[in-house]
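Undergrad: Whatever this is, show me its structure:
(chains A and B)
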Amino acid sequence: MAVDTKKCVGCADCVVACQTENNVPHGFCRDWIVENVKGTYPSLDMKFQSERCNQCENAPCVRCCPTGASHIVEGGIVLVTHDDCIGCGACVEACPYDARYIHPQGYVDKCTFCIQRVDKGQNPACVDVCPTYCLHFGDLDDPNSDVSKALKNRSWYVLAPEAGTEPQLYYLR
Amino acid sequence: MKEELMVSGKHIAEIYPVLHLWHWEISLYLFLGGLAGGILFFAAYFFIIGKEKEMSTTVKWATFIAPLALMIGLSSLLYDLHHKLYFWRLFTTVRFTSPMSWGAWTLLIIFPLSIIWVASFMKDMFPNWNWKWKYLNQFESFVIKYRLPFAWILMFLSIILAVYTGILLSAFNARPLWNVSILGPLFLVSGFSTGLATSMWLSKNDAERRILSRIDIFFILTELFLIIHLFMGFMAGTAVKLEAFRLFMGGSFTISFWIFVVLLGLIFPVTLEILELNGYHVPKWVPPLLILFGGLMFRFVMVDAGQITRFLY
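TA: Next up is the predicted model:
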């Protein structure tokens, strides 16, 4: 997934869509907006970033999971099998992006890129509702996918590349 | 002017603005795991070198504490799990990349072994002891016969147990304070020192206490040496390590670490132990109590402070 920080207005529609689609319990979120303001008044620079699980290729949450509940499925999405999860919190501690939380029912929960929709060929809920079309989704191995095209034409960055996690959530600048 | 304001919409109480998911249960367990590892290591060690008679408290009596400590520690770990009824999933797989996985397997073996170790000495400690059941008596004679290889296994596993309490934390790359390779040896040395302190406290034999005290002095000095190394590493580190460093140098953990852990938990007791060895009278419970207190504080400080540190982006 790629997030266009030049188009994002921070409306949090993606957050609401995610909570509705995935029945995220009250007080938790799988995606969120970070607002960053730099400079001295009146010359201020504001940037919005829609953040979520980075679906890392070298995922520390998967590495440290003692039961194998956290795993990477074909296509690169990192998932948690609820019935294998003991709720020890190791993956929550291991995530440099703090993208995981403990669901009130005890297991660990996180962004799944709405795998239930992706399996049907649809986009994740956040992508489909974004009013500014700032979220690009697709298969990075397919050069014609929306995300590949977005990354080809723009300069981008990822969050905390120094963590060595090889994050797969790109931010267009 | 280089001002920057960041507002995040991530309103999850345990995670934002600082992660605070692991509480006293983990700190207590890390302390008790190291303590049990220390007690069992020295029990097995002195048995192997044939000092069973001279060091009877270390080899026999003090090992009562080990299964007890493990039991309390394991209970607090279980209490900390959020999906408690699924805890058995730990034992359906072995995952070498996860210290928690091989730590759980180590515990599964060392916990019953520690009980068997104590049980095999019951008749030594209580002459009238009777197992009342034929199979238990047979099993006891089996253990007594093979006590030496048993002690070697116990010694090996106790090192893994004590090191694991540190490696558990150091495996988390996302928490810069923990992600240092020296944490394993540091927790090992600290755990062994608390184990020695326990045996020392329980021992009524002056000669035994002097031997334990000498070893303990070596361990505490090593621990101080490793702590200095730890902080030299942070000082020469990247931005995230420097942030960890600042938590202890003027930050919110300055007093709890330098006063309670280093001064009261290490420097003060080691000074008392040296004085005691040189003939000064020191109440025998004071150095062990301080060492145990320092060890416990150390785990609380590391678990709490580590969760505050994170990657900056």
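Undergrad: Look up the closest residue to the closest residue to chain B within chain A, ignoring the ones flanking it.
TA: For chain A and chain B, the shortest gap (Cβ to the nearest Cβ) falls at A:G87, measuring 2.9 Å. Where C-beta positions appear, they are placed from N, C-alpha and C, glycine not excepted. Distance criterion Cβ to Cβ, 6 or more residues apart in numbering or on different chains; nearest residue to A:G87, sequence neighbours excluded, is B:H82 at 2.9 Å.
Undergrad: repeat for B:I308
TA: Across the structure, with Cβ to Cβ, 6+ apart as the measure, the residue nearest B:I308 apart from its sequence neighbours is B:V18 (5.0 Å).
Undergrad: could you pull out the helices for the chain?
TA: Assuming you mean chain A. According to DSSP state H, chain A carries its helices in the segments A:13-21, A:60-64, A:90-94, A:115-118, A:125-129, A:146-153.
Undergrad: that's the other chain; I wanted chain B
TA: Going by DSSP H, chain B shows helices at B:24-48, B:56-59, B:65-80, B:99-120, B:122-125, B:134-145, B:147-170, B:183-202, B:206-235, B:239-248, B:254-255, B:268-277, B:286-308.
Undergrad: got a pLDDT number for residue 168?
TA: Picked chain A for this. At A:Q168, the predicted lDDT confidence score is 95.
Undergrad: I was thinking of chain B, sorry if that wasn't clear
TA: 95.
Undergrad: Check what pLDDT the spatially most central residue of chain A gets.
TA: What sits nearest the mean C-alpha location of chain A, by Cα atoms, centre = their mean, is A:R52, with 2.8 Å. Looking at A:R52, its pLDDT stands at 95.
Undergrad: Please apply the same query to B:S141.
TA: Confidence at B:S141, expressed as pLDDT, is 87.
Undergrad: same thing with the one 4 residues further on?
TA: Per-residue confidence (pLDDT) for B:K145: 90.
Undergrad: Distance check, it against B:K51.
TA: The span separating B:K145 from B:K51 equals 20 Å under the rule Cβ to Cβ, to the nearest Å.
Undergrad: Can you pull the phi/psi pair for B:S181?
TA: phi -70, psi -20 (degrees, to the nearest 10).
Undergrad: What is the neighbour count of the nearest residue to it once chain neighbours are set aside?
TA: Nearest-residue entry for B:S181: B:S170, 6.3 Å, with adjacent residues in sequence omitted and distances by Cβ to Cβ, 6+ apart. Residues within reach of B:S170, counting by other Cβ atoms under 10 Å in any protein chain shown, total 22.
Undergrad: Equivalent analysis for B:L32, please.
TA: Around B:L32 sit 28 other residues, with neighbours defined as other Cβ under 10 Å.
Undergrad: ditto for B:L202
TA: Residues within reach of B:L202, counting by other Cβ under 10 Å, total 17.
Undergrad: ok, B:D304 - how many residues close by?
TA: Around B:D304 sit 21 other residues, with neighbours defined as other Cβ under 10 Å.
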